[in-house]
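> what's the 3D shape of this:
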Amino acid sequence: MHIDGKPSVGEKNSAAGNRRVVILSAARTKIERDLLDHWCNSEYVPDDYGAAARPDVVDLDSRVLTSELSSRTDDPLLVPVRVVWLPSERDGARRARFSDVLALTNPRNPNVLIQKWLVGRSSDRYRIVVAAPAHLDDLREQLSSEEHGRVPDAGSLARYVTRRAVVALERAERAVIGDRYKVPRLVAAQIMDQPSFRRRLDSIAAEEHLPRDEVDARARAALDELVAVQSRLVTDLFTQAMRPLHSSAWTVHADDSGLEALRELNRTHPLVFLPSHRSYADAFVLGSILADHDFPGNHLMGGANLTFWPIGPIARRTGTVFIRRSFGNDTVYKAALEEYFGFLLGKRFNLEWYFEGGRTRTGKLRKPRYGLLNYVANAIRGGRVDDAMLVPVSITYEGLAEVAAVAAEQTGAPKKPEGLRWLASYARNQQRSAGNVYVQFGTPLSMRAQLAAGGDPDLSEPEPEESTAHDPATRDGLQRKAMQKVAFEVAVGINRTTPVTVNSLVTLALLGVRDRALTLDEVRAVVAPVRSYLDARGAPQGEVELLDLEGGLARVLAALTDAGVVTTYAGGDEAVYSIQPGQHLVAAFYRNSGIHWFVNRSILELAVLFVHEHPSDNPVRTAWHEAKNLRDLLKFEFFFPDRDTFESELRAEVELLVPEWEWGTPLPSEGRALNALIETGLFMSHRTLRSFFDAQLVVAERLARRDPTLEVERDAFLDECVAVGRQMLLQGRLHGSESVSSELFATALELARNRGLLDPNDDSVAQKRRAFASQLLAVGERVALAESLDVSNRKADR
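Numbering: from 1, shown residues only. Alright, predicted model coming up:
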């Protein structure tokens, strides 16, 4: 017989003395009861716990315990005990298989006949697990403390003892089966018994003039809807079933060193994984990696679009929490959700969600959503948890079958609803190899420290009594600003670890020319200086060394051709490659996955060209002013740091360009900076920023032609921009069809709103709109100048 989780003898003797021992038996069948009785009646237990007599045995059931505890006046040592059943060992792991289901058995909860067979023939398939004991008086005092001094009755004490025993048994059981099977138990009951939650429900009932029973019923219903009912069997089977959806499509490259650091951190803090969101497969890829490294399963916050059968019911049993898209003024649901967050974090369960609010449509990070982060912040502000560590996660794919559908949506195609037919189609597409997927973990961020640094009034230095931070509106504003800074740091953490892939480099080259095909040597001429720049920046890169191998670049282009992104013509002297007609948005998706690494360089190029076109007595000030103007144009597309950090980053770009130049001294001799740019053989602005500026130009010109007194109806306006954008593309006014994107137009419209260009009550708005369009025309001309100076383009022209 195997015993696990047994505390040391010396520790127990000193703790228990000669007091009575009560075994809390978590037996579910006669076989389990017999095994536990045999253990309880052995000489092992009395000797180990120093009891004066053989222990009493009581079922771990709150109803039984209510009767038992009401009649006791002593202080027994309570020892929870359970039988744990294990799957057979296969390939060094004990996990349930589909063959177990076909045999109509759950190896973690076998029926009585199989239990009997295992006891007689497979003693390695079960363990008796002993949880850490506790004295009844200690538990009574702890519950009284949580109840703010109220003396608990026998019923509430029995429920409390039951919950604590179940949690202790779960902890002891994980020492046998592994941390990945950490699951919460009795969640709804624990939350409903929380004094703080009961007081909040009291307040809601009073403020909204609702019967208290109705508020309780709504709270229980909300928790039943929210709480993930995790099953270890379903977790094993779901992992096996979903793994082919990514293992056959990609070779997974995970940051193992980052995972080891996270494991250590997880021993003391809950982790909140915040990955980039490019694919439906993201959760499966990340979940598989964490499971392989024995992390407890994340509670994944999901949207209602994936609740369809069978994914919804199965996902809920593997830890997915489905949150309503909108719950308006439902204060009870909001309170239940916030309490559930606090419960999970307080119990150190790890969370996961995709803070962009949906899959990226362009390949780069979207603007973050703050809602769920606010629940984490509130748990810290309210003392439910001391801190939570936010983990930025970059998930980057070389190829994605679903990008074509995402691209089509940007030009007006309807989004296909998720369902069984959609799932079958998705699974078929995943059978095709799509290269590599890179999963990198950024530096974990202390939520408490980030909020304090961002000026959160509840977590930063105390304000003087007369401070306006005590005003509720001011407090809300400060908290909102602090949350925005937290989200920004997460996004920066993701970008810092996102590698540039081979497909990103190749599509960057092909999208940089207009209506032309390039030879292998011409593509190579574009990619080579880009790689040198990335090396100088120390930017992470995927398996780009493939491009150094004989035939490596040709293989990358052939894979893109097979995927329908690139077209190859091989009927002449040598093969030439171009973006497949209608696939520019797909190609831009791959390019944009690493585009953030080139944004500052591109801004520097355009600022230097501005100084060249507009000579001044203080060229540094002029260049810096123009760089700020460009950053302001792009602030809704990319994540820029504060002014001082941005200046420091630009200074680093200048030092790469002209190492001997010190920032703040006069600009190098006439044309030196421009010549230095040309000598590098690398101009990036036309390859990286042109599509964004072109999309902004479409929006600016449409606004300039509209009656400024009329309201702008968003959806109709974006449809208009898509239609007119196609016209401008045919007229040659836009460089490429990747600029005709409802996603880019929507961001440009947000920029216009931020600049006050949508205010019908502003008498000067028409003039401002015209100035906005003129500014973008001028920037576009400068981008074209950068293209003409690009050495790699001139090589490609030969």
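
> gap between whichever strand or helix holds residue 721 and the chain center?
Assessed by DSSP states H and E, residue 721 sits inside helix 714-730. Offset of helix 714-730 from its chain centre (C-alpha atoms, centre = their mean, to the nearest Å): 32 Å.

> now stretch 439-457
14 Å.

> Please apply the same query to stretch 257-274.
On C-alpha atoms, centre = their mean, the centre of stretch 257-274 falls 14 Å from the chain's centre.

> Show me what counts as buried in that stretch.
Neighbour-count burial for stretch 257-274 flags 258-259, 262, 266, 269-274 (criterion: 16 or more other C-beta atoms under 10 Å). For every residue, glycine as well, the C-beta is placed using N, CA and C.

> and the two most separated of those?
Farthest apart among these by C-beta to C-beta are 258 and 270. That separation is 17.4 Å.

> Tell me the secondary structure at residue 274.
strand (DSSP: H, G, I helix; E, B strand; the rest coil).

> quick one on the thing from earlier: may I have the helix holding residue 721 exported as CSV, CA atoms only?
Extracted in CSV, the C-alpha atoms of helix 714-730 (Å, rounded to 0.1, in the frame of the first residue of the first chain):
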residue,chain,number,x,y,z
ARG,A,714,-18.9,54.9,-38.3
ASP,A,715,-20.0,51.8,-40.2
ALA,A,716,-21.3,53.6,-43.3
PHE,A,717,-18.2,55.8,-43.4
LEU,A,718,-15.8,52.8,-43.3
ASP,A,719,-17.8,51.2,-46.1
GLU,A,720,-17.3,54.4,-48.1
CYS,A,721,-13.6,54.4,-47.4
VAL,A,722,-13.3,50.8,-48.6
ALA,A,723,-15.1,51.7,-51.9
VAL,A,724,-13.2,54.9,-52.5
GLY,A,725,-9.9,53.3,-51.4
ARG,A,726,-10.3,50.7,-54.2
GLN,A,727,-10.9,53.6,-56.7
MET,A,728,-7.7,55.4,-55.5
LEU,A,729,-5.8,52.1,-55.8
LEU,A,730,-6.9,51.8,-59.4
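
> tell me which strands and helices it is in contact with?
helix 690-704, helix 742-754 (3 or more C-beta pairs under 8 Å, 6 or more residues apart in numbering; DSSP states H and E).

> remind me which residues of the stretch 201-350 of the chain are low pLDDT?
Under the criterion pLDDT under 70, the flagged ranges of the stretch 201-350 of the chain are 230-246, 304-311.

> any idea where the helices of it begin and end?
For the stretch 201-350 of the chain, the helices defined by DSSP state H, counting those that start in this stretch occupy 212-226, 232-242, 244-247, 256-266, 282-292, 311-316, 331-346.

> Residue 115 and residue 35, how far apart?
From residue 115 across to residue 35, the span is 9 Å (C-beta to C-beta, to the nearest Å).

> who's more crowded, those two?
In this view residue 115 and residue 35 are compared by other C-beta atoms under 10 Å, and residue 115 has more residues nearby, 22 against 19.

> these two touch, right, that one and residue 34?
No - the criterion here is C-beta atoms under 8 Å, and residue 115 misses it with residue 34 at 9.8 Å.

> one step back: same list, the buried residues of stretch 257-274, but as TSV with distance to residue 170 please.
Below are the buried residues of stretch 257-274 laid out as TSV (distance: C-beta to C-beta, whole Å):
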residue	distance to residue 170
258	27
259	23
262	21
266	16
269	19
270	16
271	19
272	21
273	22
274	26
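
> before we move on, back to that, looking at the helices of the stretch 201-350 of the chain, which is nearest to residue 770?
Using C-beta to C-beta, the helices of the stretch 201-350 of the chain put helix 282-292 closest to residue 770, at 43.1 Å.

> Now the closest one: buried residues?
282-291.

> Relative to the whole chain's centre, how far out is it?
For helix 282-292, the distance to the chain centre is 12 Å (C-alpha atoms, centre = their mean).

> who does it touch, helix- and strand-wise?
Helix 282-292 packs on helix 232-242, helix 244-247, strand 251-254, strand 271-275, strand 389-397, strand 436-441, going by 3+ C-beta pairs under 8 Å, 6+ apart.
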